[in-house]
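Novice: would you be able to build a 3D model of this:
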Amino acid sequence: MHTSAHSAEGIGARAERELRRLVARYGAGEAEIARAYFERCRTAAHDRVWLTSQVGRELSRVYQLSALATQELATLGQGADRRQYAETVQKLAEELNHFNLLGDILEEISGAPLDYGELRRYDFFEPDPSAPFNRENARLAEVNRQIDAEMAARRPPWAPLVQDQGLLEGGGNGVFYVGSQLRGSPLDERLAAAMRRILDDEMDHGPRSLAAVPRYVRDDDDLAGVIAYTRLRGDQRLRWRNEQFGYPLSPARLAAIMAGEIEPLPLYAGAD
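Specialist: Predicted structure coming up:
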């Protein structure tokens, strides 16, 4: 669909506004899941489960970005850009810090060193569906592979917005937002400090893609495509988060959130 420069500018601004609201609603959904978990009488056993899942996810990012940084370093000046390499190394350092911050807490509540074999069962890309509270994570990995395959086949200009590290990197940051507000016990104070640091870093990742929306979305068909794939990933992320925290929300409430029956997370200016 051909559009004039004026109309392209119009669709870009509208697309950014609509996608900002969509991401903020998914963030609010993940926040509601986390809040429901932390506000109830939770057990140390399940604290170990969700933290193992989260630490394993952070570790998988370390592996991913370490491999990417090595590849980019080997091809500097031969296809790899030094600025892109610097950005990858910075993200690697941040993800390694996230892994260490949460890993320290997991070791403390477990009373034992990290079990790397167990952590790898919660890998972002190849999760083990037989690990505790991990079936929806395995389905999320399948959704991510499906999106990657369809983007490779279709090659739309907006593919970077819906793939890994696109608009929903961090899932709208709702879990980190809620976690950063924990108060009370020494454990919750440590979790809050770690989550505040992670939130600061993640708000510069996924949300940064929102500013790039006008470059990628040229018409209503593009916007519809981005919304459809963002919802495909976002809905499955909600199912996974609910499972990760031991199903604090009912299926009915989860379906309502997916239908948009939730106020956007206040982290996103212009989303309301």
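
Novice: hey, let's count contacts and neighbours off CA atoms from now on
Specialist: Fine.

Novice: from Pro251, how far off is Leu267?
Specialist: Look at Leu267 and Pro251: by CA to CA, to the nearest Å, they are 26 Å apart.

Novice: neighbour count winner among the two?
Specialist: Leu267 (16 against 12; other CA atoms under 10 Å).

Novice: surely the more buried one forms part of a helix?
Specialist: No. Assessed with DSSP: H, G, I helix; E, B strand; the rest coil, Leu267 is coil; it does not lie in a helix.

Novice: what pLDDT does it get?
Specialist: For Leu267, the pLDDT comes out at 85.

Novice: next, give phi and psi for it.
Specialist: phi -70, psi -20 (degrees, to the nearest 10).

Novice: now swap in Ala80 and tell me
Specialist: According to degrees, to the nearest 10, the main-chain angles of Ala80 amount to phi -90, psi 140.

Novice: what's the burial count for it?
Specialist: If you count neighbours by other CA under 10 Å, Ala80 ends up with 14.

Novice: helices and strands around the worst-scoring helix or strand of the chain on mean pLDDT, which ones?
Specialist: Ranked by mean pLDDT, DSSP states H and E, the weakest helix or strand in the chain is helix 208-211, scoring a mean of 82. Using 3 or more CA pairs under 8 Å, 6 or more residues apart in numbering; DSSP states H and E, the elements in contact with helix 208-211 are helix 5-39.

Novice: so which bits of the helix it packs on are buried?
Specialist: If you call a residue buried by 16 or more other CA atoms under 10 Å, then helix 5-39 has these buried ones: 8-9, 11-12, 14-38.

Novice: average pLDDT for that helix?
Specialist: Mean pLDDT, helix 5-39: 88.

Novice: following that helix, which helix or strand comes up?
Specialist: Downstream of helix 5-39, the next assigned helix or strand under DSSP states H and E is helix 44-74.

Novice: pLDDT averaged over the following helix or strand past that following helix - what is it?
Specialist: Scanning forward in sequence from helix 44-74 by DSSP H and E, the next helix or strand is helix 82-110. On average, the pLDDT along helix 82-110 is 96.

Novice: which strands and helices sit next to helix 82-110?
Specialist: In terms of contacts (3+ CA pairs under 8 Å, 6+ apart), helix 82-110 is packed against helix 44-74, helix 186-202.

Novice: save these as CSV, and put in distance to Leu232 and mean pLDDT too.
Specialist: Converted to CSV, those look like this (distance: least, CA to CA, whole Å; pLDDT from 0 to 100):
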stretch, distance to Leu232, mean pLDDT
helix 44-74, 20, 96
helix 186-202, 21, 94
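
Novice: CSV please, covering these and showing distance to Gly117 and mean neighbour count.
Specialist: Shown next, in CSV, are these (distance: least, CA to CA, whole Å; neighbours: other CA atoms under 10 Å):
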stretch, distance to Gly117, mean neighbour count
helix 44-74, 10, 19
helix 186-202, 23, 18
